[in-house]
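Q: One predicted model, sequence on top.
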Amino acid sequence: MFIIIYFLTGAGNILLDMTIKSSRALGSPMYFFLSFLSFVDSCCSSIMVPRMIIDLLTEKKTVSFSGCMTQLFAEHFFGGVEIILLTVMAYDHYLAICKPLHYRIAKNRKMCGHMVAMAWAGESLHTLIQILFKVCLPFRSPSVNDHFICDLFPLLKLSCTDTHIFGLFVATNSGLMCLLIFSILATSYVLVLYSLRTHSNKGQHKALSTHASPVTVVILFFVSCLFMYLWPMVTFPIDKAVAVF
């Protein structure tokens, strides 16, 4: 089942990216960001899913410490870039619907490129800070990771030292940041819906049709992140199921 979902996800992202790049009609900032989002989503899926599928098919499920840290860095890096891109896309929707006269001035191709570059650079720094303290912790060898990926809280439970402060740091760095960004996104969506009152029925339908997909993605993405990272050093059996989303 996961093999089928993985290949459908990869094929969908590749097709989306090729369609946007080959069509001149899809040259607006929204599709520019959507193209990068599909690329990042492919990278994020490829970091976690193939390893999970291999572990499901093999009897011996082992990973080296360096391999675990590499996966941890990559999954949080690409996941963080995806969060920033979703935020930028929400701002793009807000400008297009609420400030249409300023849209073309504020959102040219050069500005879009700068925003994507800032997303990559900012998340590199954010993820590096999270990984550095994890590498310095002492771990038992061998250890059993109760998860299908190398994630922050499951790995903290394997450490040989008191990790209460580190758990609070992770909850602040990941959980509260997700809560803050989710609140900003929810506010922007409410403002967009409020501004649609003055639009025609055709304009409302067009705006809502382009708004539904990002809202669905944001809800699935952020609710899952908040469930997993907002409570310091608390893990639940359902965490692995939530992480699939």
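A: Nice, thanks for sending it over. Residues are numbered from 1 along each chain as shown.

Q: as a whole number, average confidence for the strand or helix carrying Ala90?
A: Per DSSP states H and E: Ala90 is located in helix 65-98. Mean pLDDT, helix 65-98: 85.

Q: List the buried residues in it.
A: The neighbour-count check on helix 65-98 (16 or more other CB atoms under 10 Å) flags 68-69, 71-97 as buried. (C-beta placed from N, C-alpha, C; glycine too.)

Q: So for this structure, the centremost residue is which one?
A: Centroid-nearest residue in the chain: Gly79, 3.3 Å away (criterion: CA atoms, centre = their mean).

Q: quick one: contacts for that one?
A: By CB atoms under 8 Å, 6 or more residues apart in numbering, the contact set of Gly79 is Cys44, Cys225.

Q: now do 6 Å
A: With contacts defined as CB atoms under 6 Å, 6 or more residues apart in numbering, Gly79 is in contact with Cys44.

Q: can you pull out the helices in this structure?
A: In the chain, helices defined by DSSP state H lie at 2-22, 29-57, 65-98, 100-106, 109-135, 152-156, 164-170, 177-195, 201-229, 239-244, listed in chain order.

Q: Can you tell me how far Thr172 is from Phe36?
A: Relative to Phe36, Thr172 is positioned 28 Å away (CB to CB, to the nearest Å).

Q: Pick out whichever of those two has more residues nearby.
A: Neighbours were tallied for Thr172 and for Phe36 using other CB atoms under 10 Å; the higher tally belongs to Phe36 (23 against 13).

Q: where's the more buried one relative to His164, distance?
A: As it turns out, when the distance is counted by CB to CB, Phe36 lies 38 Å from His164.

Q: show me what contacts the residue of the chain most remote from its centre?
A: Computed with CA atoms, centre = their mean, the residue of the chain farthest from its C-alpha average is Ser200, at 33.9 Å. Taking CB under 6 Å, 6+ apart as the definition of contact, Ser200 has no neighbours.

Q: same question, Val242
A: Residues in contact with Val242 (CB under 6 Å, 6+ apart) are Ser224, Phe227.

Q: repeat that with 8 Å
A: Applying CB under 8 Å, 6+ apart as the definition, the contact partners of Val242 turn out to be Ser224, Phe227, Met228.

Q: now swap in His147 and tell me
A: Applying CB under 8 Å, 6+ apart, we find His147 in contact with Pro154, Asp239, Lys240, Ala243.

Q: what about stretch 132-149, how long is it end to end?
A: Criterion CA to CA, to the nearest Å; first-to-last residue distance in stretch 132-149 is 18 Å.

Q: can you check stretch 152-169 too?
A: Chord length of stretch 152-169, first to last residue, is 11 Å (CA to CA).

Q: same question, stretch 166-181
A: 22 Å.

Q: Show me the one of the helices of the chain that comes nearest Ser141.
A: Taking CB to CB, helix 65-98 is the member of the helices of the chain nearest to Ser141, at 7.8 Å.

Q: and the angle from that closest one to helix 29-57?
A: 150 degrees (axes from the mean of the first three to the mean of the last three CA atoms, to 10 degrees).

Q: and helix 65-98, how far out from the chain's middle?
A: Once both centres are worked out by CA atoms, centre = their mean, to the nearest Å, helix 65-98 turns out to sit 4 Å from its chain's centre.

Q: repeat for stretch 142-150
A: Taking CA atoms, centre = their mean, one finds stretch 142-150 lying 22 Å from the centre of the chain it belongs to.

Q: For it, what does the pLDDT average out to?
A: Average pLDDT, stretch 142-150: 84.
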